[in-house]
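S.K.: kindly return the folded structure for what I paste below:
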Amino acid sequence: MSVERPVAEVLAAIATAMRRNGLRWYLFGAQAAIIWGRPRFSVDVDITAVIGRSDLDAFLAAMETQGFLLLTRKFLADRRVLPFVHSKSNVPLDVVVAGPGLEEQFLDRAIGVDISGTVIPVISPEDLIVTKIIAGRPKDIEDVRGVLQERLDSLDLERVRSLLHLIEQALSQSDLVSTLERQIERLR
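M.R.: Next comes the predicted model:
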């Protein structure tokens, strides 16, 4: 799988830190959209990881050993996000601390993808579509179109629809499934 060289180096360093701590994780966001959809410019990396309170110090030490600088712990308290920068490449990395429910399901369905010799767990294309539709920004919807365009025939669209419907109910929202259907219709 082809990603920018600095991103591949960052992913290899992350994989090493995660292995050393026995943590479950997956790549999502723009880099996953590049893998499952169409190329676009982005050098930031987003991952979700299961990091318990007792694992945090060892995780932070492993990340530091791999060349990551933690920018602030404030985001962890406010948003469950640890913002890092990789000192060698200057690539930003956001580590989202997984919560129960949806993110656990995404972890279970993550797919190992070989990126420059390192197998990286990547959010499934179906789950990526769900996260991008929930985010709803124009660039996220463009990423949805890219994944649909590249993988429409192999996607489990019923799972995507079902999950979006459940999220609509939980959020008292009614536009998520229709957003998916509009993007599918644009391709036909």
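S.K.: make it CA atoms for all contacts and neighbour counts henceforth
M.R.: Fine.
S.K.: what segments of this structure are helices?
M.R.: 5-21, 29-36, 56-65, 74-79, 102-109, 125-135, 138-151, 157-171, 176-187 (DSSP state H).
S.K.: quick one: mean pLDDT over the first one.
M.R.: Helix 5-21 shows a mean pLDDT of 94.
S.K.: for stretch 165-182, which positions count as buried?
M.R.: 165, 167, 168, 176, 177, 179, 180 (16 or more other Cα atoms under 10 Å).
S.K.: thinking again about what came up before, rank the helices of the chain by pLDDT, which is bottom?
M.R.: When I compare the helices of the chain, helix 74-79 is least confident, with a mean of 68.
S.K.: burial count for residue 14?
M.R.: By other Cα atoms under 10 Å, the residues close to residue 14 number 22.
S.K.: please apply the same query to residue 158.
M.R.: 10.
S.K.: and this protein, split by domain according to the record?
M.R.: 5-123, 131-187 (automatic domain parsing).
S.K.: quick one: distance of the shortest one to the chain centre.
M.R.: Shown here is domain 131-187, whose average C-alpha point lies 16 Å from the average C-alpha point of the whole chain (Cα atoms, centre = their mean, to the nearest Å).
S.K.: list the contacts of residue 159.
M.R.: Shown in contact with residue 159 (Cα atoms under 8 Å, 6 or more residues apart in numbering): residue 126.
S.K.: please renumber the chain so that the first residue is 162 from this point on.
M.R.: Yes, from this point I'll number from 162; that puts the last item at residue 320.
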